[in-house]
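> fold the following.
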Amino acid sequence: MDRVRRVRRPRSVLALLTAALLAVPGITALSSAARAADADLARNGGFESGLDGWTCTAATTVTSPVHSGSSALQATPDGSDNAQCAQTVTVQPNAQYTLSGYVRGSYVYLGANGTGTTDVSTWTQSAPDWQKLTTTFTTGAATTKVTLYTHGWYGTGAYYADDISLVGPGASTGQPPAAPAGLRTGTVTSSSVALSWSAATGATSYAVYRDGVKVQTASGTSATVTGLAPSTAYSFQVTASNDAGESAKSAAVTATTTAGTGGGSTDLPAHALVGYLHASFANGSGYMRMADVPDSWDVIDLAFGEPTSAGSGDIRFNRCPVTECPNVESDADFKAAIKAKQAAGKKVLISIGGQNGQVQLTTTAARDAFVSSVSNIIDTYGLDGLDIDFEGHSLSLNANDTDFKNPTTPVIVNLISALKTLKARYGSKFVLTMAPETFFVQMGYQYYGTGKWGGQDPRCGAYLPVIYALRDDLTLLHVQDYNSGPIMGLDNQYHSMGGADFHIAMTDMLLAGFPVAGDANNVFPPLRPDQVAIGMPASTNAGNGYVTPAEVTKTLDCLTKKSNCGSYPTHGTWPALRGLMTWSVNWDRYSGWEFQKNFDAYFG
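Alright, predicted model coming up:
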């Protein structure tokens with residue numbers, strides 16, 4: 001009877017069901033709390049603040065096309081990179097989340113890694129107009145962070161993304177720490193300053209700022225900032241961070257580095273002109289005798305010493321034969337001319353490698369042969385040192401070699417060991433220079449080796465561990481700012497050869513330092529300005545990327561005086577910039593000494 005009456009009176013049934021649900025502890029309260037806590041956890045999902053919050057490769061923001069607002073992401077995969085953009089967000093364990101976003105282009109992916117359960121992704125093969133992608137996941141019992149990402153596919157052209165969101169329960173992150181107190185300096189050298197500070201309550205890490213630019217992070221309450229210029233004043237601040245964010249900057253402290261020696265201790269002039277002399281071959285520029293090199297050239301690199309085979313490490317320097325260079329001087333005259341140059345304060349080096357000289361020190365036997373054979377060349381001709389011009393496939397990184405400060409790849413480790421041995425053998429006056437291509441250095445801002453997900457060119461950034469390990473022994477780094485593709489600068493814009501802007505952006509990266517592969521916790525520290533020269537082709541015949549004397553002057557004005565700059569915002573002013581390098585002395589003579597004359601006119 002009661003059951004019949006309840007069937008006939010549905011309102012009473014509903015009331016009883018509601019009461020029964022309320023009687024089950026936590027059911028209604030839990031669902032209400034979950035609904036109340038749901039939020040969009042993605043930071044800057046509409047890319048209205050540029051790439052803030054995202055770590056990207058080959059990406060920028062555009063104003064058209066957009067799904068909503070005023071900006072969207074544009075990322076361009078190539079043959080070795082899928083142009084991924086990612087960000088890590090804080091989540092709750094055992095919680096459900098919905099990831100969505102609008103995309104357009106061919107083969108666009110949206111997904112999440114580190115969920116603690118099953119990582120998810122969704123994709124579209126073709127989206128000629130904006131298309132919404134959506135997927136869901138549940139976090140694991142111990143999961144507190146998840147990485148969201150979007151990417152395209154290799155070599156398929158640009159894709160676009162906008163309005164990416166992650167909706168679900170927000171984690172309780174509390175408040176950022178207070179700014180650290182008690183910042184003070186410790187030991188100060190010609191190239192470093194030690195810092196320490198008091199612990200900030202709730203902090204999980206700290207960031208160190210030099211002249212307003214973040215240069216490194218620390219897990220404890222001390223750090224040493226390296227790569228500084230001698231006799232230079234710097235200002236330092238620190239911040240504290242936790243999952244809730246970063247604190248304000250601490251009060252600043254200043255320190256002036258001491259007048260040091262180090263890798264720049266050789267008696268080069270304050271501003272030096274470096275050039276390569278075709279000593280082992282002739283080409284369209286013609287052969288030039290050592291004695292005929294003008295006095296303007298402060299460092300003369302003999303091109304080239306080459307290996308007997310790529311993996312032998314056995315380097316030979318063969319002077320140009322008479323059949324190829326009819327006006328070549330004798331060995332005796334060549335050596336006498338070297339001595340005369342040195343008596344006039346010039347440095348003469350053997351340059352190893354070049355376009356055709358692939359050197360791969362894959363074994364310790366090759367390393368030892370390198371040291372022995374290079375020493376023999378230096379001793380035979382009475383040279384001042386060594387230039388490393390490894391190109392092509394001489395240097396590349398193994399797939400598991402991801403830390404430029406602690407390399408494990410044999411060709412890298414053995415080269416570092418060989419150069420340190422040569423430096424120790426010849427002493428403090430030994431001149432060590434390097435002439436890498438932009439692909440091996442500045443491209444490391446975006447990519448390093450094969451990358452976290454594989455597929456990248458293993459040569460990318462491969463010079464960085466060598467430069468870093470030898471930074472205290474390095475006299476000059478003159479990157480070849482020529483024969484280069486577009487390179488992303490610290491302004492996250494691509495820069496191309498042909499004008500002052502390219503040289504300014506590439507050099508600023510060396511003098512300001514940069515995060516490797518976009519990792520703010522893994523920063524390649526800046527070089528001293530006296531260790532840096534800018535590599536340029538002497539003429540249109542010498543290589544791609546020639547710039548006129550007027551553009552060379554603009555480059556020097558911007559970097560040494562912060563005047564005559566273009567659109568690129570430099571991170572400092574470096575009057576102690578060492579100078580210019582060119583390929584080559586021979587090509588400059590062929591073009592009427594245009595490069596040399598402009599250098600002389602600028603620096604007097």
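
> within the sheet, what are the partner strands of the helix or strand containing residue 169, with directions?
Under the criterion of DSSP states H and E, residue 169 resides in strand 159-169. Sheet pairing of strand 159-169 (DSSP bridges) gives strand 38-40 (antiparallel), strand 72-75 (antiparallel), strand 96-113 (antiparallel).

> most tightly packed of those?
Stretch with highest mean neighbour count among those: strand 72-75 (a mean of 24; mean count of other Cβ atoms under 10 Å). Backbone N, C-alpha and C define where each C-beta goes, glycine included.

> what's the helix or strand just after that one in contact with?
Counting by DSSP H and E, the element after strand 72-75 in chain order, helix or strand, is strand 85-90. Strand 85-90 has contacts (Cβ atoms under 8 Å, 6 or more residues apart in numbering) with 41-43, 51, 53-57, 59, 73, 75, 114, 144-151, 161, 166, 170-171, 173, 243.

> now the strands paired with strand 159-169 as TSV including mean pLDDT and distance to residue 157?
Below are the strands paired with strand 159-169 laid out as TSV (pLDDT from 0 to 100; distance: least, Cβ to Cβ, whole Å):
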stretch	mean pLDDT	distance to residue 157
strand 38-40	87	29
strand 72-75	94	10
strand 96-113	95	6
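
> would CSV of those with distance to residue 375 be doable?
Output for these, formatted as CSV (distance: least, Cβ to Cβ, whole Å):
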stretch, distance to residue 375
strand 38-40, 64
strand 72-75, 48
strand 96-113, 50
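
> what's the closest of those strands to residue 308?
Taking Cβ to Cβ, strand 72-75 is the member of these nearest to residue 308, at 44.7 Å.

> which non-adjacent residue is nearest the most centrally placed residue in the chain?
The chain has residue 445 as the residue nearest its centroid, 2.6 Å off, counting by Cα atoms, centre = their mean. Using Cβ to Cβ, 6 or more residues apart in numbering and skipping residues adjacent in sequence, the residue nearest residue 445 is residue 514, 4.7 Å away.

> ok so, going back, out of the strands paired with strand 159-169, flag the one nearest residue 544.
Comparing those against residue 544 with Cβ to Cβ, the closest turns out to be strand 72-75 (26.4 Å).

> now do stretch 578-586: distance to the chain's middle.
24 Å (Cα atoms, centre = their mean, to the nearest Å).

> show me the contacts for residue 365.
Residue 365 touches residue 313, counting by Cβ under 8 Å, 6+ apart.

> any idea how far residue 238 is from the nearest residue to residue 199 once chain neighbours are set aside?
Among residues not flanking residue 199 along the chain, residue 221 sits closest, at 5.3 Å (Cβ to Cβ, 6+ apart). Residue 221 is 9 Å from residue 238, where distance means Cβ to Cβ, to the nearest Å.

> mind listing the helices for the stretch 251-400 of the chain?
Here the stretch 251-400 of the chain has its helices, by DSSP state H, counting those that start in this stretch, at 331-343, 364-381.

> give me the angle between the longest one and helix 331-343.
Right, helix 364-381. 90 degrees (axes from the mean of the first three to the mean of the last three Cα atoms, to 10 degrees).

> and helix 364-381, which residues are buried?
In terms of neighbour count (16 or more other Cβ atoms under 10 Å), helix 364-381 has its buried residues at 366, 367, 368, 369, 370, 371, 373, 374, 375, 377, 378, 381.

> and residue 324, how many neighbours does it have?
12 (other Cβ atoms under 10 Å).

> what's the burial count for the closest residue to it other than its chain neighbours?
Of all residues not flanking residue 324 in the chain, residue 282 sits nearest, at 5.0 Å (Cβ to Cβ, 6+ apart). For residue 282, the count of nearby residues is 18 (other Cβ under 10 Å).

> between the buried residues of helix 364-381, which is nearest residue 300?
Looking across the buried residues of helix 364-381 and measuring by Cβ to Cβ, the closest to residue 300 is residue 381, at 11.7 Å.

> ok so, going back, quick check: ChimeraX command selecting the buried ones in the contacts of strand 85-90.
ChimeraX command restricting the contacts of strand 85-90 to the buried ones, with burial defined by 16+ other Cβ under 10 Å:
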select :41,42,51,54,55,56,57,59,73,75,144,146,148,149,150,151,161,166,170,171
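
> ok, now which ones touch the closest residue to residue 392 other than its chain neighbours?
If the residues on either side of it in the chain are set aside, residue 392 comes closest to residue 358, at 5.3 Å by Cβ to Cβ, 6+ apart. Shown in contact with residue 358 (Cβ under 8 Å, 6+ apart): 307, 310, 391, 392, 393, 394.

> one more: residue 404?
Residue 404 neighbours (Cβ under 8 Å, 6+ apart): 444, 448, 461, 464, 465, 468, 516, 522, 524.

> now residue 192
By Cβ under 8 Å, 6+ apart, the neighbours of residue 192 are 224, 225, 226, 227, 228, 257.

> weed out the non-buried ones from those residues.
Buried among the contacts of residue 192 (16+ other Cβ under 10 Å): 225, 226, 227, 228, 257.

> residue 337 versus the spatially closest residue to residue 289 that is not a sequence neighbour, what's the distance?
Residue nearest to residue 289 in three dimensions, not counting chain neighbours: residue 329, with 4.9 Å by Cβ to Cβ, 6+ apart. According to Cβ to Cβ, residue 329 stands 7 Å off from residue 337.

> check the buried ones among the contacts of residue 192 against residue 495 and report the nearest one.
residue 227 (22.7 Å).

> give me the nearest residue to the closest one, chain neighbours excluded.
Here the residue nearest residue 227, using Cβ to Cβ, 6+ apart, is residue 525, at 3.5 Å.

> distance check, the residue nearest to residue 199 against residue 208.
From residue 221 to residue 208 the distance is 11 Å (Cβ to Cβ).

> so those two - more neighbours on which side?
Using other Cβ under 10 Å as the criterion, residue 221 and residue 208 rank with residue 208 on top: 24 against 18.

> name the element residue 177 belongs to?
Here residue 177 is assigned to no helix or strand, by DSSP H and E.

> doesn't residue 203 make contact with it?
Yes: the criterion here is Cβ atoms under 8 Å, and residue 177 meets it with residue 203 at 4.3 Å.

> common neighbours of these two, please.
240, 241, 242, 247.

> which among the residues you listed end up buried?
240, 241, 242, 247.

> what's the lowest-pLDDT member of the residues you listed?
Comparing pLDDT over these, the lowest score belongs to residue 242 (86).

> isn't that residue right up against residue 178?
No: applying Cβ under 8 Å, one finds residue 242 not in contact with residue 178, separated by 11.0 Å.

> what about the closest residue to residue 214 other than its chain neighbours, neighbour count?
Setting aside the residues directly before and after it, residue 214 is nearest to residue 207 in space (Cβ to Cβ, 6+ apart), at 5.4 Å. Using other Cβ under 10 Å, the number of residues around residue 207 comes to 21.

> so which elements touch whichever strand or helix holds residue 207?
Take DSSP H and E as the rule and residue 207 turns out to sit in strand 205-210. Helices and strands touching strand 205-210, by 3 or more Cβ pairs under 8 Å, 6 or more residues apart in numbering; DSSP states H and E, are strand 213-218, strand 222-225, strand 233-242.

> looking at the shortest one now, give me its mean pLDDT.
Averaging pLDDT along strand 222-225 gives 88.

> where does residue 501 land in three-state SS?
Of the three states, residue 501 takes helix under DSSP: H, G, I helix; E, B strand; the rest coil.

> got the confidence number for it?
97.

> residues touching it, list them.
495, 566, 567, 568.

> so what's the residue count around the last one?
With neighbours defined by other Cβ under 10 Å, the count for residue 568 comes to 19.

> touching, it and residue 489? I think so.
Yes: between residue 568 and residue 489 there is a contact under Cβ under 8 Å: 6.3 Å.
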